[in-house]
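Trainee: Got a sequence here, can you model it:
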Amino acid sequence: MIDADLTVSKIVQEAHDVKTFRFSLQELPEDQALAQKPGQFVSVQVQTPEGLQVRSFSISSSPLEQDHLDITVKCYPDSSAAQALHQLKEGDKLHVRGPFGQFVLNDEDHDVVFIAGGNGVTPLMAMMRYIVGKRLPVKPILIYSNRTQADVIFKDELERLGREGRIVADITLTNEPQGSGWAGLTGRIDGAMIEKMAAPVKDKAFFLCGPPEMVRAMHAALLSVGVPEQQIRMEQFIRPAKKTA
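Mentor: A predicted model of the protein is given here:
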């Protein structure tokens, strides 16, 4: 387990309001190591104008990458912690603890379908990178909802992995401007879309991640098309409550 100050070694702009922060693990104490399972998260201490805050972020890098770990963070206008993170520069340090969490992919999981909304794709990206990097006999299906093309995180990598036949990536947009040239799926994910993209659904394991209302809706949709409860795993991204005066 990690409980140390880590250096930000790389920052990548993933979408207009999303950045990936890579932390180097080269300076870890000898008694610490990254014992990560794909899908887990870490806690990060962030200095904000309101004081020191602790926030949890999914690891988006694969456990196979033992020299670093990545977190991918969306910058919300009302989140001082996210805004502080987006001001970081390469070479800065943050205290990181983890990994934690039970929302994980196991090597025995075959015929998997990932369903994500917005930045809920981050732990699923760690799972897909792990599958590809370890060459597991799995070809995951991703059904991924965003408002517009500009909001799609990891868009270039997902499209590349799809072209290479490593994954099936189905991106659907709910508010793409007319005339943008988008030729992909549109509309919210529902049972009919899941059945079309992932048939036969009763034979697959489903991993759901995103805002609570989206995860609840997807859970209900899966049950409605006959997916057994024991084949559904869920992770809800719950934002801290807003402070009121």
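Trainee: Need the CA coordinates for the longest strand along the chain. CSV is fine.
Mentor: Secondary structure of the chain per DSSP state E: the longest strand is strand 2-15. Extracted in CSV, the C-alpha atoms of strand 2-15 (Å, rounded to 0.1, in the frame of the first residue of the first chain):
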residue,chain,number,x,y,z
ILE,A,2,1.1,3.5,-0.8
ASP,A,3,1.2,6.3,1.9
ALA,A,4,3.6,8.8,0.6
ASP,A,5,4.3,12.1,-1.1
LEU,A,6,4.5,11.5,-4.9
THR,A,7,5.8,13.7,-7.7
VAL,A,8,3.6,14.7,-10.6
SER,A,9,5.7,13.5,-13.5
LYS,A,10,3.3,14.1,-16.4
ILE,A,11,0.0,16.0,-17.0
VAL,A,12,-2.2,15.2,-20.0
GLN,A,13,-5.2,17.2,-21.2
GLU,A,14,-7.8,14.4,-21.9
ALA,A,15,-10.8,16.6,-22.6
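Trainee: what pairs with the helix or strand following it, and is each one parallel or antiparallel?
Mentor: Remark: after strand 2-15, the chain's next helix or strand is strand 18-24, criterion DSSP states H and E. For strand 18-24, the pairing partners within the sheet under DSSP bridges are strand 2-15 (antiparallel), strand 68-74 (antiparallel).
Trainee: what's the most buried one of those strands?
Mentor: Of those, the one with the most neighbours on average (mean count of other CB atoms under 10 Å) is strand 68-74, at a mean of 23. No exception for glycine: its C-beta is placed from N, CA and C like everyone else's.
Trainee: chain center to it: distance?
Mentor: Remark: strand 68-74 is offset 9 Å from the chain centroid, using CA atoms, centre = their mean, to the nearest Å.
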